[in-house]
Structures are given as structure tokens and as C-alpha cells.
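# Kindly generate the corresponding structure for this input.
(2 chains)
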Amino acid sequence: ETGVTQTPRHLVMGMTNKKSLKCEQHLGHNAMYWYKQSAKKPLELMFVYNFKEQTENNSVPSRFSPECPNSSHLFLHLHTLQPEDSALYLCASSQEPPGNYYGYTFGSGTRLTVV
Amino acid sequence: GENVEQHPSTLSVQEGDSAVIKCTYSDSASNYFPWYKQELGKRPQLIIDIRSNVGEKKDQRIAVTLNKTAKHFSLHITETQPEDSAVYFCAASRGSARQLTFGSGTQLTVLP
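The predicted structure is shown next:
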């Protein structure tokens, strides 16, 4: 493991289900992110948390609800999703400035299929 | 906001040849340019990065060049090997992940 762990690795859910994705980082980073990766599309930033505070929400539908209880854990709560929400959901962490910024460490992702 | 364009979207090369992937960015204040490699079914991993105070950086078979005036940067892979086959993403940032913008990715295939 690279230090960012995501569970579950695969998830199939119906449109009326409620499920949660979990991310944990063991790197001592102070920022965490949720990204959506769909086929043949750029990585789409969904949410940013810096020191547990949400600093960005990129017009994500309310059926996606993030939670960051501490700087090491990040959740994405899902409810009443649509088939077009099927994608790979990636969590990442980084150490924000001051000091040099060295980019993200990504988790392995959760492959979500909405049926 | 920042806009990053990446070309080509797919690239096939013979083993041993070189591969070049190019990205352009729009925000002149961007100062950090990482490249990520994502193998099939795996997480994106940082392979090399460059900051705006240098024009070129090398790490074994991989190099990145930056032209701040033209606002473009490129990834160069020499002596390609089959294990180089993956999707490569460029990105640009003002030095904070909150402002990291990714390109659309290049699927590189190295043919044996």
C-alpha cells in the first residue's frame, strides 16, 4: 500500500441504495480529495478538504455527500445515484504549503457500478 | 480558471523508440507541473514533476521540459518498454493541490 487506502475496491448498488466509500491516509498529509474518473474523461475534482474543512465543492450533485471527521479519514456517502454515476472514485491526499508541494498520493479507487 | 490540454489522446510506439506527450496550460501563474502514470486497473502514480524555475528535469528514461513563455510542457520517454504502456496524465498547479488541473490523458501503447 502506498499510504492511501480505499474501501471497498468494488461496489455495485441499486439506485435506491445508500452506501459509503471510505478513504484513509497514513502519510500525515493535511489535505484530502475525492475525484471521479469516467472512461475517456479527465479526472474530475469533486471535493477538497484542508485540515478537515471543506474548501471546495465542484458543483457536485447533492446525492454525493462528503464527510471528513479528521485529517486522516474521508468518506463519500452515496444515495439515490444514477447509472451515469458509475465510475472509478479516487481518493487522494497531499501536504499543502507552506513549503514545497509534492503532488498527490492516490488511493487505488473504488469501482462503482450503479444498476 | 486553469485549462490544461493534452495531446495526443492515444499513442503507439515500437519498443525501443521514444514517446513524447505534450500539454498546454492557460494560467501563467501556474508553477508546478506533475505527470502521473496510471496502469490498467491501478491508481495514478506520480512519475516526475517540474517547477517553473527550471526548464528540464530528467529521471533515467523519463524527462520533462517546460516552456513558460509558450505555456507548454512535455513528457519524453526514451527506449520505451512494454511496461511503459499506461495512461499518462499531465497537470498544472499554482503550487497547491486545490488548484491542480489535469489533462485528459494519453493512452500509450508500446508494441513489442
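# Can you spell out which residues form a bridge with the residue nearest to A:Met13 when sequence neighbours are not counted?
Leaving aside its chain neighbours, A:Met13 sits nearest to A:Lys19 (5.2 Å; criterion: Cβ to Cβ, 6 or more residues apart in numbering or on different chains). For the C-beta atoms, the positions are set from N, CA and C on the backbone; glycine is no exception. Counting by DSSP bridges, A:Lys19 forms beta bridges with A:Leu78.
# residues near A:Lys19, how many?
17 (other Cβ atoms under 10 Å in any protein chain shown).
# Please look at it and A:Leu11 and confirm they touch.
Yes: contact between A:Lys19 and A:Leu11 holds when scored by Cβ atoms under 8 Å: they sit 6.1 Å apart.
# joint contacts of these two?
Contact criterion Cβ atoms under 8 Å, 6 or more residues apart in numbering or on different chains; no residue bridges A:Lys19 and A:Leu11 by contacting each.
# which stretches of the chain aren't confidently modelled?
Unless you meant another one, I'm taking chain A. A:1-2, A:52, A:55-58, A:98-101 (pLDDT under 70).
# Wait, chain B was what I had in mind.
If you take pLDDT under 70 as the line, chain B has these spans: B:95-98.
# try 90 this time
Filtered on pLDDT under 90, chain B yields the residue ranges B:1-2, B:32, B:40-42, B:51-54, B:93-101.
# residue ranges for the strands of it, please.
Using DSSP state E, the strands found in chain B span residues B:4-7, B:10-14, B:19-25, B:32-38, B:45-51, B:56-59, B:62-67, B:72-77, B:86-92, B:101-102, B:106-111.
# Sheet partners, orientation included, of the shortest one?
Each strand pairing with strand B:101-102, determined using DSSP bridges, is listed with its direction: strand B:86-92 (antiparallel).
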